[in-house]
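Colleague: need a 3D model of the sequence below.
(chains A and B)
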Amino acid sequence: MSETCIAPDSLRSILDRYPGAERDKLIPILQEVQESMGFLSREAIVEIGRHLNLPVSKIFGVATFYNQFRFQPVGRHHIAVCRGTACHVKGSAAVLQALKRALRIEEGQTTRDGEFSLEVVACIGACGLAPVISVNGEFHAGVTPDDVPRILNLYRDRDNHHGKQD
Amino acid sequence: MENRINRTLFHESMDLLTAPARHRLAAAVLQTEPPDDRPALTGALDHRLDDAARVRPAHPVICVGAGTCGLGAGAAATLRAIRQYLADHRLTADIIETGCIGLCSDEPLVDIQLPGRARLSFRHITGDKVPALLDRVLDDDIPAEDLLGQHRQDGLAPWPGLPHLAEHPFFAPQTRWVLANCGLQDPVDINAYLATGGYGALIQAIYRHTPADICDQVERSGLRGRGGGGFPTGRKWRFALNTAAESKYMVCNADEGDPGAFMDRAVIEGDPHRLLEGLAIAAYAIGANRAYVYIRAEYPLAIRRLKKAIADAREYGLLGENILDSGFHLDILIKQGAGAFVCGEETALLNSIEGKRGMPRPRPPYPAVKGLFGKPTVINNVETLANVPHIIANGADSFAAVGTADSKGTKVFALSGKVSRTGLVEIKMGTSIREIVMAIGGGVPDGHDFKAVQIGGPSGGCIPESHLDIPVDYESLKTVGAMMGSGGLVVMDDKTCMVDVAKFFMDFIQRESCGKCIPCREGTRCMLEILQAITRSRRNEQGTAALERFRGIVYLQRLAEVIQDTSLCGLGQSAPNPVLSTLRWFRDEYEAHIYDRRCPAGVCTELLTFSIDAEKCIGCTACRRKCPAEAIMGNPKTPHYIIPDKCIGCGACAEACKFDAVDVA
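Modeller: Below is the predicted model of the structure:
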């Protein structure tokens, strides 16, 4: 899982892969940095600006425009609730409500223990299986509010299991 | 359903090639130095391609539908169970991860082809069902309850008495051109695509036709943009071809942000080479040497398969420098979108590729004249491009023979929502919506009544029961206030509130508006606020809110029209459509919300009233403890009751009650 602290050498190595990069490489760089660090830190954005010779304001302008970019770390388990039309018609609002209640957080937030974070995403494209949520990229199909505790426990158990092994 | 092997097209194309190009392609296919002797070469190639297409396999072949939807339904566990079974029984079999055949509601799907026998499709094969299924099938005992149907293929013995997949109600009415290989072939094996005659159209295009010829053919075929706009594809290409510039760009729009649509994802996951072939032909037709595929980052599997396909095509000399010794070169680059719906708009997409905020540019100048980096650029949708190889290989006339007067060919729809069979459907233009929803989709399940079908996503509209017989074509759909859109079809039943649907789309559009022009940025927000007020309970209104609510209702239609007329791009211009179309067909539902503050479908929670049935309540106190407003009173083991003035209508009590004692009305 992604660490919250910045590993400067990994940022450096990403930027080194784009020597003499121009503006059109900005979004791919931001994506790679977020992929490796879990979010875009201030320091990373300043460094990217230096590399591309772009003002930090421009980079924030681009990064805040797109839904994909985050400026805070996510939880160990990142839950994405699909809010596409098919999911909506099949009751994803109730699923989201149940998740919020179970985790006691709002969308876009992370639980205090850093275990779960919750995000609402546009259509994941699995409309045939609506409503869908994805946890760490794993899909759960046909979710009802009653399934929520079971799904959350699944990931809590995995953590405990890991803890014992370590 | 059959594996369409088109060896004639492959060999004809091989004959066209220059000797060095043929040598390179043959060497890539055979993975060894090809024989010089022509008959020997033909034989060797046939053998290799037969292998790739599993025409006469020596071992059983097991295909698992492992698109995003299949994996979501548990295909990964199915694959693990199959591998485990084969290892336990020391059996040899080929396992292929295919894309989606389209029947999402029956996933995970597993196909089994025993040597010499026709291929069989089985449905709902979760991991736990694998051992029993394989035990029986390998013993020639076919479990009828799991069987979807058998495939037809020349030279393979059919199973007597078993139904054919092509006659299944989901597949029988379909005409599968774009989806021809989806779910049947290994999507990441380029040889399997070559075996179906793949890349034959590209070779024909480059060797036999001039770019102007190709534009001509595509224009004569009547192909129109499948992403929503419906602009004639050939004409768009000709604009770009006729604009002189030292470099041009071809862009494939795979930024399928439309909630409820997943055609592009399925095509890329299930048959990525078809898209690449169409893209290469388009690039040749307009004279571009660089092409971009702008694809959503939310589609990791599609991106992975596309990357592999591009690398393979390069290795085969079908992309890259001096393609097939013709002097034409083309690089295809993948650009991952970063989650902005507006980037589906073509000029916003160009800004995003350039590394800017994805905001649309005023048109004209059109991208075909001044697009990416200021150069002529053509932007086509995935499905549009996936149609191109078929047109070039079979001729414009055969394509134009299918469809209606102004809409030719087929259209892929993503059918979802309250319908028995969900998934991907490809039908001839002119098929009625009723046939898609009722015959292919199997109608509304669980005894509910059909209410409407939403077509075209946030830019489209709803079609009520009374207009279900309308044919699928660009013009007819506009007459009922809907539009073709990219192809999402979401079915709604009597438990769906149309005001809530309109609110859902306005909420979506309002969040996704890029903010550049005022009508869209402020107007959609105002519309959302009006809809929120319509669905608000009186108990949550203060001061003059009730008056403002009525003022909003008076202005709703006018506001919608102004947004349509004055927005900069297609997103804003079509943003009010969901509201206008629901207002047109379901005015009574709006009136029930507005005048009676009642939601007939029981969806708008604020308008619901909750009460406890004293007969059923056993006084367990669960609801009282869950109520965030402390609106529930009662002692343990005696019936509870809800104080209406305190109730905020959140529904927590109904969720908490295990005895079904909370009445919702």
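Colleague: pull the longest strand from chain B.
Modeller: What stands out as the longest strand in chain B, according to DSSP state E, is strand B:410-417.
Colleague: residue B:385 and residue B:599, how far apart?
Modeller: Distance, residue B:385 to residue B:599, by CB to CB, to the nearest Å: 43 Å. (C-beta placed from N, C-alpha, C; glycine too.)
Colleague: of those two, who's got more company?
Modeller: Under the criterion of other CB atoms under 10 Å in any protein chain shown, the comparison of residue B:385 against residue B:599 puts residue B:385 first, with 29 against 20.
Colleague: so who does that one touch?
Modeller: Neighbour list for residue B:385: B:252, B:275, B:278, B:279, B:282 [criterion: CB atoms under 8 Å, 6 or more residues apart in numbering or on different chains].
Colleague: using TSV, lay out those residues together with distance to residue A:124 and neighbour count.
Modeller: Shown next, in TSV, are those (distance: CB to CB, whole Å; neighbours: other CB atoms under 10 Å in any protein chain shown):
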residue	distance to residue A:124	neighbour count
B:252	21	30
B:275	20	26
B:278	25	26
B:279	25	27
B:282	28	28
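Colleague: counting by contacts, list what the helix or strand bottoming out on mean pLDDT in chain A packs against.
Modeller: When the helices and strands of chain A are compared on mean pLDDT, DSSP states H and E, helix A:148-165 comes out lowest with a mean of 81. For helix A:148-165, the elements it packs on are helix A:92-103, strand A:133-135, judged by 3 or more CB pairs under 8 Å, 6 or more residues apart in numbering or on different chains; DSSP states H and E.
Colleague: what comes up buried for it?
Modeller: Buried residues in helix A:148-165, defined by neighbour count with 16 or more other CB atoms under 10 Å in any protein chain shown: A:148, A:151, A:152, A:155.
Colleague: closest residue of chain A to chain B?
Modeller: In chain A, no residue comes nearer to chain B than residue A:128, which is 2.5 Å away by CB to the nearest CB.
Colleague: now that residue. Nearest residue, chain neighbours left out?
Modeller: Excluding the flanking residues, the one nearest residue A:128 by CB to CB, 6 or more residues apart in numbering or on different chains is residue B:104, at 2.5 Å.
Colleague: so for that neighbour, what's the pLDDT?
Modeller: Here, the pLDDT recorded for residue B:104 equals 91.
Colleague: contact partners for it?
Modeller: So residue B:104 contacts A:126, A:127, A:128, A:129, B:69, B:73, B:416, B:422, B:423, B:424 (CB under 8 Å, 6+ apart).
Colleague: looking at these, which are in helices?
Modeller: Filtering the contacts of residue B:104 for membership in helices, criterion DSSP state H, returns residue B:69.
Colleague: tabulate the contacts of residue B:104 (TSV), appending distance to residue B:268, neighbour count and pLDDT.
Modeller: Output for the contacts of residue B:104, formatted as TSV (distance: CB to CB, whole Å; neighbours: other CB atoms under 10 Å in any protein chain shown; pLDDT from 0 to 100):
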residue	distance to residue B:268	neighbour count	pLDDT
A:126	14	28	82
A:127	16	32	82
A:128	16	32	81
A:129	18	27	85
B:69	13	33	86
B:73	19	27	88
B:416	19	31	92
B:422	19	29	93
B:423	16	26	93
B:424	12	32	94
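Colleague: which of the contacts of residue B:104 lies closest to residue B:627?
Modeller: Relative to residue B:627, the closest of these is residue A:129; by CB to CB it sits at 33.2 Å.
Colleague: list the contacts of the closest one.
Modeller: A:139, A:141, A:142, B:69, B:72, B:73, B:104, B:107, B:422.
Colleague: any chance of the residues you listed in TSV, with distance to residue A:78 too?
Modeller: Formatted as TSV, the contacts of residue A:129 follow (distance: CB to CB, whole Å):
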residue	distance to residue A:78
A:139	13
A:141	18
A:142	21
B:69	21
B:72	17
B:73	21
B:104	24
B:107	24
B:422	26
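Colleague: residue B:653: which of those is nearest?
Modeller: Of all the contacts of residue A:129, residue A:142 has the smallest distance to residue B:653: 24.9 Å, by CB to CB.
Colleague: for the closest one, report the pLDDT, please.
Modeller: 90.
Colleague: setting aside sequence neighbours, what's the nearest residue to residue B:663?
Modeller: residue B:611 (5.0 Å).
Colleague: good, we can wrap up now.
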